[in-house]
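*Asks:* model the structure of this input:
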Amino acid sequence: MKITTPMTITAADSNARTITGRIVAFEEVANASTGKVIFAKDSVVPADVKLNLEHDRTRPIGKTLSMTVNPDSIDATFKIANTTAGSDALEEAMSGLRDGFSIELAVDEYTMEKDGSMRVLAGELTGVALVTEPAVRSARVAEVAATEAEETPTDSESTVDAEKTPTTEGDEVDNTVTNADTVETVEAAQSVTASAKPAVGGWTSKPRLEFTAVKLLENTIRASLGNEDARQYVLAAADTTDNAGLVPTRQLTTVINGLANTTRSNIDAISRGTLPDAGMTFEIPKITVLPSVAVTAEEGTPSNTDQNSAFVSVDVKKYAGQQTFSVELLDRSNPLFMNELMNNLAAQYAKATDTAVNLALCTGATADSTTITTYPTATELLGVIARGAASVYTNTQGFARNIIMNTSQWSNVMTLNDSGRPIYNAQVPQNAGGVVAPTSVRGNVAGLDLYVTANTAATTDTDDSILIVNPDAYTWYEGPTYQLRADVIASGQVSIVMYGYGAIATKIAAGAFGVNKTA
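*Replies:* All right, here's what the predicted structure looks like:
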């Protein structure tokens, strides 16, 4: 963030090549176009830094001689190099042409106030600039001293008594210049750099430039590549007073995404397996007839029933998503674009695979013989669980250990109570029917592990919106990783494809038991 406000010179003499003045004012509001900014007391620590010309780090004109921390500010003295640029800077400072300080600060810690202002709590001073308009409201150049020889007055020339003669803007009294206060202006600009610290400081010159939408776009691109002239052009364009309608819209790096996540509750609620390394189908042997054992009389013939088996055939499915865009977007966009694209493709891959598993569970689930009219009460829910557990055990010879609910059933179960006491988020043993919480899609209901899913067709109080599951009756097979491929197309476009292979094996369909709603 770059903040600039106008300052004036209060004094100048010719004793040494130094410039002295205030560079930081604590607890003073700066009204930038991006909002108010306040430097908390002691938020900026003095440091030996270079004095740059108009924030151009390629044009240093001096370095820190001393810095003094006051109760409400930091004052600094800079030694000016004996160069052409340094001499010009001294002359400009004494003449009131370039008479302000602006700090360059990498912010380590800050807070946002209720009124929207940014309060800097800690930052690293990385530089100070001598500018046309300074960066802090009360920062000012207090004294300019130059060692260069000056013309020696003749005997006929008189000495002016500064204490007796009133001064006006631009007058010199004992090499001291006093300027009138200038009207405060505030400009702001933001930049994203490789550093994680937001930058506070700013360019302050306002060149006379041709402001057009085309020029602004061109210079915005060049500025992102580090071109200093282009960055100053963009800053000048941000002046809402002189260039209304050409204020760049700043874009944050935080991305809002309320459309997808990578949660796969249905897959988590069943068993997992590794996908075979080849083929689009595979088979799992399944016992269909058991050998028999029966009471046998003495010297009687033992029961003789042959064990039979068959194979469950499982189809392997491909799940894929693609994005096609220009090479310009790939080359010239913020890296955030590609990062978010891959995150969202991964989230959509998770949703597609998890929805396929939910469909398989619902397709093979045993429907409850007892129907329910509306969302189940506590008693009705316990009835569903009891009947489901018995049905799953009877048909699979294994226990139901998990329960899957859609979000509307999850919402209902959190309201169930016993004489006003919540049942499924109780923490005391005498009332611990289980634990569910609005901050987690995992929990426990009546001894079954709860999995909440949004990846289901049963989005309301409908059939199969509650499933009682033996996880061993279903297995999700998936490759160890999904693959990413990028192709450059002849038209100058790039195609990004994310894909993977998975298979849901319904080993015993009756391993799931679903709630049945009254027609």
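*Asks:* just give the number of residues close to the nearest residue to Lys317 once chain neighbours are set aside.
*Replies:* Excluding the flanking residues, the one nearest Lys317 by Cβ to Cβ, 6 or more residues apart in numbering is Gly502, at 6.1 Å. (C-beta placed from N, C-alpha, C; glycine too.) Using other Cβ atoms under 10 Å, Gly502 is surrounded by 20 other residues.
*Asks:* Gly502 contacts Ala360, correct?
*Replies:* No: Gly502 sits out of contact with Ala360 when judged by Cβ atoms under 8 Å, with a separation of 11.3 Å.
*Asks:* kindly export stretch 76-94 (C-alpha atoms) in PDB.
*Replies:* The C-alpha trace of stretch 76-94 is given here as PDB (Å, rounded to 0.1, in the frame of the first residue of the first chain):
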ATOM      1  CA  ALA A  76      15.700  11.400  10.800                       C
ATOM      2  CA  THR A  77      18.800  13.000   9.400                       C
ATOM      3  CA  PHE A  78      20.200  11.800   6.000                       C
ATOM      4  CA  LYS A  79      23.700  12.400   4.600                       C
ATOM      5  CA  ILE A  80      23.400  13.400   1.000                       C
ATOM      6  CA  ALA A  81      25.900  12.000  -1.500                       C
ATOM      7  CA  ASN A  82      28.100  14.400  -3.400                       C
ATOM      8  CA  THR A  83      26.700  13.500  -6.700                       C
ATOM      9  CA  THR A  84      24.800  15.500  -9.300                       C
ATOM     10  CA  ALA A  85      21.500  13.900  -8.200                       C
ATOM     11  CA  GLY A  86      22.300  14.600  -4.600                       C
ATOM     12  CA  SER A  87      23.200  18.200  -5.200                       C
ATOM     13  CA  ASP A  88      20.000  18.600  -7.300                       C
ATOM     14  CA  ALA A  89      18.000  17.100  -4.400                       C
ATOM     15  CA  LEU A  90      19.500  19.500  -1.900                       C
ATOM     16  CA  GLU A  91      18.700  22.500  -4.200                       C
ATOM     17  CA  GLU A  92      15.100  21.200  -4.800                       C
ATOM     18  CA  ALA A  93      14.600  20.700  -1.000                       C
ATOM     19  CA  MET A  94      15.800  24.200  -0.200                       C
END
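*Asks:* buried ones in that stretch?
*Replies:* For stretch 76-94, a neighbour-count test (16 or more other Cβ atoms under 10 Å) marks 76-81, 86-87, 89-90, 92-94 as buried.
*Asks:* show only the entries of these found in strands.
*Replies:* 76-80 (DSSP state E).
*Asks:* out of these, which is nearest to Ile256?
*Replies:* Ala76 (41.7 Å; Cβ to Cβ).
*Asks:* mind checking how far that closest one is from Glu228?
*Replies:* Using Cβ to Cβ, to the nearest Å, one gets 24 Å for the distance from Ala76 to Glu228.
*Asks:* repeat that for Met118.
*Replies:* 25 Å.
*Asks:* higher neighbour count, those two?
*Replies:* Using other Cβ under 10 Å as the criterion, Met118 and Glu228 rank with Met118 on top: 21 against 16.
*Asks:* what helix or strand is the nearest residue to that one once chain neighbours are set aside on?
*Replies:* The spatially closest residue to Met118, leaving aside those adjacent along the chain, is Val37, at 4.9 Å (Cβ to Cβ, 6+ apart). Using DSSP states H and E, Val37 sits within strand 35-39.
*Asks:* where's the lengthiest helix in the chain relative to the chain centroid, distance-wise?
*Replies:* Using DSSP state H to define each element, the chain has its longest helix at helix 335-364. Computed by Cα atoms, centre = their mean, to the nearest Å, the separation of helix 335-364 from the middle of its chain amounts to 21 Å.
*Asks:* contacts for whichever helix or strand comes after that helix, please.
*Replies:* Using DSSP H and E, the helix or strand that follows helix 335-364 towards the C-terminus is strand 366-372. Contact partners of strand 366-372, identified using Cβ atoms under 8 Å, 6 or more residues apart in numbering, comprise 380, 383-384, 387-388, 391-392, 395, 463, 509-510, 512-519.
*Asks:* does Asp472 touch Gly511 like I think?
*Replies:* Yes: in this structure, Asp472 is within contact of Gly511 by Cβ under 8 Å, at 7.3 Å.
*Asks:* which residue ranges make up each domain of this structure?
*Replies:* Structural domains annotated on the chain: 2-148+167-205, 266-517, as defined by automatic domain parsing.
*Asks:* would CSV of the ones you listed with distance to Asn257 be doable?
*Replies:* As requested, those are exported to CSV (distance: least, Cβ to Cβ, whole Å):
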stretch, distance to Asn257
domain 2-148+167-205, 19
domain 266-517, 7
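*Asks:* okay, the ones you listed, which one's buried deepest?
*Replies:* domain 2-148+167-205 (a mean of 19; mean count of other Cβ atoms under 10 Å).
*Asks:* which SS class is Val295?
*Replies:* coil (DSSP: H, G, I helix; E, B strand; the rest coil).
*Asks:* where's it relative to Val289, distance?
*Replies:* 20 Å.
*Asks:* which residues are contacting whichever helix or strand comes after the strand holding Val37?
*Replies:* Sequence order places strand 50-53 as the next helix or strand after strand 35-39, per DSSP H and E. By Cβ under 8 Å, 6+ apart, the list of residues contacting strand 50-53 from outside reads 19, 57, 59-64, 78, 80, 85, 89, 104, 127-130.
*Asks:* what score does the residue most central in space within the chain have for pLDDT?
*Replies:* Compute the mean C-alpha point of the chain, and by Cα atoms, centre = their mean the closest residue is Thr254, 3.5 Å away. As predicted, Thr254 sits at a pLDDT of 75.
*Asks:* how about Ala378, phi and psi?
*Replies:* When read as degrees, to the nearest 10, the backbone of Ala378 gives phi -60, psi -40.
*Asks:* returning to that earlier point: between the ones in strands among the buried residues of stretch 76-94, which is nearest Asp418?
*Replies:* Ala76 (70.3 Å).
*Asks:* that closest one against Val44, yeah?
*Replies:* No: judged on Cβ under 8 Å, Ala76 makes no contact with Val44 at a distance of 11.0 Å.
*Asks:* I'd like the distance from the helix or strand that Tyr233 is a member of to the chain centre, please.
*Replies:* In this assignment (DSSP H and E), Tyr233 forms part of helix 228-237. Chain-centre distance of helix 228-237: 27 Å, with Cα atoms, centre = their mean.
*Asks:* residues contacting the next helix or strand after it, please?
*Replies:* The helix or strand immediately downstream of helix 228-237 is helix 265-268, counting by DSSP H and E. Helix 265-268 has contacts (Cβ under 8 Å, 6+ apart) with 353-355, 357-358, 361, 404, 441, 451-453, 455-456, 476.
*Asks:* just the closest of those residues to Thr68, please.
*Replies:* Val441 (57.5 Å).
*Asks:* give me the pLDDT for the closest one.
*Replies:* Confidence score, pLDDT, at Val441: 80.
*Asks:* need the contact list for Asn227.
*Replies:* Contacts of Asn227 by Cβ under 8 Å, 6+ apart are Asn219.
*Asks:* what's it sitting at in phi/psi?
*Replies:* Dihedral angles for Asn227 - degrees, to the nearest 10 - are phi -70, psi 120.
*Asks:* I'd like to know how far it sits from Gly127.
*Replies:* The gap separating Asn227 from Gly127 is 19 Å, by Cβ to Cβ.
*Asks:* which residues are in contact with the residue nearest to Lys317?
*Replies:* Contacts of Gly502 by Cβ under 8 Å, 6+ apart are 275, 316-317, 319, 353, 356, 476-479.
*Asks:* just these: which are in strands?
*Replies:* Going by DSSP E, the strands hold 317, 319, 476-478 from these.
*Asks:* tell me, what's the model's pLDDT at Asn308?
*Replies:* On the pLDDT scale, Asn308 gets 93.
*Asks:* same deal with Ala180?
*Replies:* 33.
*Asks:* again with the one 5 residues further on
*Replies:* According to the prediction, Thr185 has pLDDT 30.
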